[in-house]
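*Asks:* With the input below, show me the fold.
(2 chains)
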Amino acid sequence: MTVSRTTSYAGIAVVVAVLPLLLDPYWTDVFVSIGLYSVLALSLNIILGQAGLFHMGHAAFYAVGAYVTAIANTMWGVPVLWAMPFAGLAAALFAMVVARPIIHLRGDYLLIVTIGIVEIVRIALINNVFGLTGGANGIFGISRPMLFGFKIAKPVHFYYLVWAYVACSILLFRRLENSRFGRALNYIKEDDTAAEGSGVNTASYKLWAFVLGAFWAGMTGTIYAAKMTIISPESFSFWESVVLFAIVILGGGSNRGVLLGAFLLIGLPEFFREFASARMLAFGLAMVVMMIFRPQGMLPPMPRFYKLPERIRCITGKGGDAAAQAGGGA
Amino acid sequence: MSLLALRNLTKTFGGLVAVNNVTFDVAEGAIVGLIGPNGAGKTTVFNLITGNYKPDSGDIFFDGRTIKGLPTHRIVQQGIARTFQTIRLFQNMSVIENALAGCHCRMQSGMLSAMLRTPAQRAEEQRALLRATRELEFVGLADEHANLAKNLSYGNQRLLEIARALATDPRFIILDEPAGGMNDQETAALIDTIRAIRDRGITVLLIEHDMSLVMKVCEKLVVLEYGALLAEGVPAAIKDDPRVIEAYLGADTDD
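*Replies:* Prediction:
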C-alpha cells in the first residue's frame, strides 16, 4: 500500500520482464527454479509466516500436486495445465486429512510431525503406492503444457509462465493478508488464546491456512512436473522442505522477503558453483550470522495501513461521563 | 431476569478443588464484582464461563441457554466478551488491528471474497473499521490507533483490551482485574468507563483487588474463598459481613 512497497514491486516486475533478454538458457532455467521456489515459499509463508505454524513438510503437498499431474497426464492423457486445479485440490484434500489431527500441536511438536509427513509421502512414493507412482524411478514422459495452442517447451517460455504465476500469487496473497482472513492468521501467530478469546475460530483458521498453502503448493507441483517432464520421489525430499522453510525465515515473512530469500538460497549458490561443497559452509555461516544479528528476517512484513473512517465523537469515554454518573447515581 | 447463571459449578485440577459447587446469578444490566483472597478461584470461574476450562460438574446458563462445553469463540459469538488478568494483546500489531480482532466474529468474509475483493467484502471491512474506531474512541485510544500495542503504557494496554472486548458487540463483559497496574487517576477514569459500558446496556462482571473501585462501581458482590461461595450481596452488607472480614484479615482466634 505504501509508496515504497508499490515501487519495489514495480521495480521487481520490470527487472523480471526484461531479464530473459540478457540471460542464456542455463541462467534462464535457474530463474525458473527461483520462481518455482518463490511460489512454494509464498504458499508456505501463509502457514509459517502469517499463522506462525512451524511446518517443515511443505514438499509433501508439492509432491502430491506433481504426482497427480503426472498420473493424470501419462495415464489418462489429461492436458498438463488442465490438471492444475485438480493437483491443487488433491494436495488441499491431503492437507485437510493430515493436518486435522495435528493442528492443535504447538511449535516444535508440530514441526516434528510435519517432518514425519514429508518422509511418509516420500517413502510411500518410493514404494509405488497404489501401483501408480512408479516407485523410485518415478514417472516420465509428462507432456509439455499448451497455452492457447502455444507449446511451452523452452526455458524462456517456462520463465514467463512461472513468473506470471508468481505475480498472480503475490497479488492474491497480498489481498488475503489485508483482510479478515489475513488478520486472523496474525492474531493466531501473536497469541492463540487471546485470538480464541476475541472470537476467532483458531482451529479452523489454522486448518484453512494449511489447506490454502497446500492447494498452492499442489498447483506449483503441476508446473514443476511439466517443466521437468520426469518426476521422482527424490525431488520431494525433506531437504526441499528445509530449503523452503529457510527461505521464509530468512526472508522474514513478507512476500518481498520471500522473493529475496528464494533468490539468495536458490540463485546465489549457482554463482558459486566452482566452490562446490564449500558453498554449503557459506550458506550455514550466513544462516547463523543472520539469526544472531537479524532474527526477524531480512524483510519482515510492514505494518498494515488503515485509513480510518470519519471520526465521530459521540460515544467517547469523556462525553459519556455525565450520562454515566447520572446512571450510576440512579 | 438473570443474564448469566452459574449452577453448582465445580472444577478440580488434580487434587486441588479450584471451584467448589459455586452458584450465583448476574442480573441483566448490573455491575457485579467477584472478590476473594488470592487463590480463591476467581479467575478459574472466569475461565469456566468463557470456555477456556471445561467444568467437572454443574452448568452455566447464558440468557437461559446452557453454554457449557462450547468452544470459546462460540461463547464470544453468543455475546460474552472478556479481558485477561495478564494482558494478552497482539503485541506486534497496531492498536486498530487489536480492536478489529473483536469485530472478527461479527464478520463473514472468507478467503475467496478477500482474494477477489468483492464489494461486499470491502463494505464489511469499512463497517468493521468504523466499529473498531468507535470503540477506541470510547476508551480514549483513538489517537494511538497506528501505534503498536506493545508501545502503549500499561494502563492504556488494559483499556485496549476493553476496546477489543467491546468490539465483539457483547451483551456481557468480563473484566479480570481491569485496574491492575493503573495509577489513581487512571483508576478514577476506569470507573467512569465501566459505568459507561453498563449504560450501553452491557452487563459487567469484574474481578478486582482495588476495594475502593469495587465498592464504588459494583451493585452486587460475590465473595469466593477456597473455591467456594462465601457470601453475596450489596457492597455495604459485604463490607460488614464478619465472614468476609475474617477471610480477608484472618480469624481472631489465635489469642
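*Asks:* count of neighbours near the residue in the stretch 101-250 of chain A that chain B sits nearest to?
*Replies:* With CB to the nearest CB as the measure, A:Gly199 is the residue of the stretch 101-250 of chain A nearest to chain B, at 3.0 Å. From N, CA and C alone the C-beta is placed, and that goes for glycine too. Neighbourhood size, A:Gly199 [other CB atoms under 10 Å in any protein chain shown]: 30.
*Asks:* now it, nearest residue through space, not along the chain?
*Replies:* Distances taken as CB to CB, 6 or more residues apart in numbering or on different chains place B:Cys105 nearest to A:Gly199, at 3.0 Å, with adjacent residues excluded.
*Asks:* What distance do you get for that neighbour to B:Val234?
*Replies:* 34 Å (CB to CB, to the nearest Å).
*Asks:* These two: who's more crowded?
*Replies:* Taking other CB under 10 Å, B:Cys105 and B:Val234 do not tie; B:Cys105 has more neighbours (21 against 11).
*Asks:* quick check, that one in a helix?
*Replies:* Yes. Assessed by DSSP: H, G, I helix; E, B strand; the rest coil, B:Cys105 belongs to a helix.
*Asks:* Tell me who's in contact with it.
*Replies:* A:198-200, B:73, B:76-77, B:168 (CB atoms under 8 Å, 6 or more residues apart in numbering or on different chains).
*Asks:* Contact residues of the stretch 151-300 of chain A facing chain B?
*Replies:* A:172, A:175-176, A:178-184, A:186-187, A:190-191, A:193-203, A:208, A:212 (CB under 8 Å from any CB of the partner chain).
*Asks:* pLDDT below threshold where in the chain?
*Replies:* Answering for chain A, as no chain was given. Applying pLDDT under 70 to chain A flags residues A:1-3, A:275-276, A:279, A:310-330.
*Asks:* not what I meant, chain B
*Replies:* B:1, B:250-255.
*Asks:* Run through the strands of it in chain order.
*Replies:* B:2-13, B:16-27, B:31-35, B:57-62, B:65-66, B:80-82, B:172-176, B:203-207, B:220-225, B:228-233 (DSSP state E).
*Asks:* Could you check how far the last one is from the centre of its chain?
*Replies:* Here the centre of mass of C-alpha atoms in strand B:228-233, compared against the chain's by CA atoms, centre = their mean, to the nearest Å, lies 19 Å away.
*Asks:* Buried ones in it, by neighbour count?
*Replies:* Neighbour counts over strand B:228-233 (16 or more other CB atoms under 10 Å in any protein chain shown) mark B:228-232 as buried.
*Asks:* Now distance to A:Trp82 too, for those, in JSON lines please.
*Replies:* Converted to JSON lines, these look like this (distance: CB to CB, whole Å):
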{"residue": "B:Ala228", "distance to A:Trp82": "68"}
{"residue": "B:Leu229", "distance to A:Trp82": "67"}
{"residue": "B:Leu230", "distance to A:Trp82": "71"}
{"residue": "B:Ala231", "distance to A:Trp82": "73"}
{"residue": "B:Glu232", "distance to A:Trp82": "69"}
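*Asks:* Verify the stated contact: A:Trp216 with A:Ile170.
*Replies:* No. The criterion here is CB atoms under 8 Å, and A:Trp216 misses it with A:Ile170 at 11.5 Å.
*Asks:* Show me the strands in the stretch 151-300 of chain A, by range?
*Replies:* Secondary structure of the stretch 151-300 of chain A (DSSP state E, counting those that start in this stretch): strands at A:230-231.
*Asks:* Contacts only, for residue 170.
*Replies:* Because you didn't say which chain, this covers chain A. A:Ile170 neighbours (CB under 8 Å, 6+ apart): A:9, A:42, A:255.
*Asks:* wait, I meant chain B there
*Replies:* Taking CB under 8 Å, 6+ apart, we find B:Pro170 in contact with B:76, B:79-81, B:202.
*Asks:* one step back: residues shared between the contacts of A:Trp216 and A:Ile170?
*Replies:* A:Leu42.
*Asks:* center of chain A - which residue?
*Replies:* Centroid-nearest residue in chain A: A:Ser43, 1.9 Å away (criterion: CA atoms, centre = their mean).
*Asks:* With chain B instead?
*Replies:* The residue lying closest to the centre of chain B (CA atoms, centre = their mean) is B:Ile174, at 1.7 Å.
*Asks:* thinking again about what came up before, from the contacts of B:Pro170, which are also near chain A?
*Replies:* Answer for those near chain A (CB under 8 Å from any CB): B:Val76.
*Asks:* and A:Pro110, how many neighbours does it have?
*Replies:* Residue A:110: Leu, not Pro. Neighbour tally, A:Leu110, other CB under 10 Å: 21.
*Asks:* Setting the sequence-adjacent residues aside, check what's closest to it.
*Replies:* A:Phe54 (5.2 Å).
*Asks:* and if you look at A:Val32?
*Replies:* A:Phe158 is the one closest to A:Val32 (CB to CB, 6+ apart), at 4.8 Å.
*Asks:* can you pull the contacts of that neighbour?
*Replies:* A:Phe158 is in contact with A:29, A:32, A:152, A:223, A:227, counting by CB under 8 Å, 6+ apart.
*Asks:* wait, doesn't the third one sit right on A:Arg144?
*Replies:* Yes. A:Ile152 lies in contact with A:Arg144 (CB under 8 Å); the separation is 5.9 Å.
*Asks:* okay, and the common contacts of the two?
*Replies:* A:Ala226.
*Asks:* quick one: which of the two has more around it?
*Replies:* Comparing A:Ile152 with A:Arg144 by neighbour count (other CB under 10 Å), the higher total belongs to A:Ile152, at 20 against 15.
*Asks:* rewinding a little: could you dump the contacts of B:Cys105 to a markdown table with distance to B:His209?
*Replies:* Shown next, in a markdown table, are the contacts of B:Cys105 (distance: CB to CB, whole Å):
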| residue | distance to B:His209 |
| --- | --- |
| A:Ser198 | 25 |
| A:Gly199 | 28 |
| A:Val200 | 30 |
| B:His73 | 29 |
| B:Val76 | 26 |
| B:Gln77 | 31 |
| B:Thr168 | 26 |
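*Asks:* In helices only, show me these.
*Replies:* Judged by DSSP state H, the contacts of B:Cys105 include B:73, B:76-77 as members of helices.
*Asks:* Closest to chain A out of these?
*Replies:* B:Val76 (3.7 Å).
*Asks:* burial of that closest one, as a residue count?
*Replies:* For B:Val76, the tally of surrounding residues (other CB under 10 Å) stands at 28.
*Asks:* can you check A:Asp24 too?
*Replies:* Per other CB under 10 Å, the neighbour tally for A:Asp24 reads 9.
*Asks:* What of B:Gly181?
*Replies:* 13.
*Asks:* which ones are touching it?
*Replies:* B:154-155, B:158.
*Asks:* before we move on, what about B:Ser153?
*Replies:* So B:Ser153 contacts nothing (CB under 8 Å, 6+ apart).
*Asks:* ditto for the one 10 residues further on
*Replies:* The contact partners of B:Ala163, by CB under 8 Å, 6+ apart, come to B:98-99, B:102, B:132, B:135-136, B:138-139, B:141.
*Asks:* Please apply the same query to B:Pro37.
*Replies:* B:225, B:247-248.
*Asks:* Repeat that for A:Glu196.
*Replies:* By CB under 8 Å, 6+ apart, the neighbours of A:Glu196 are A:202, B:71-73.
*Asks:* redo that, cut-off 10 Å
*Replies:* By CB atoms under 10 Å, 6 or more residues apart in numbering or on different chains, the contact list for A:Glu196 reads A:187-188, A:202-203, B:50-52, B:71-73, B:75-76.
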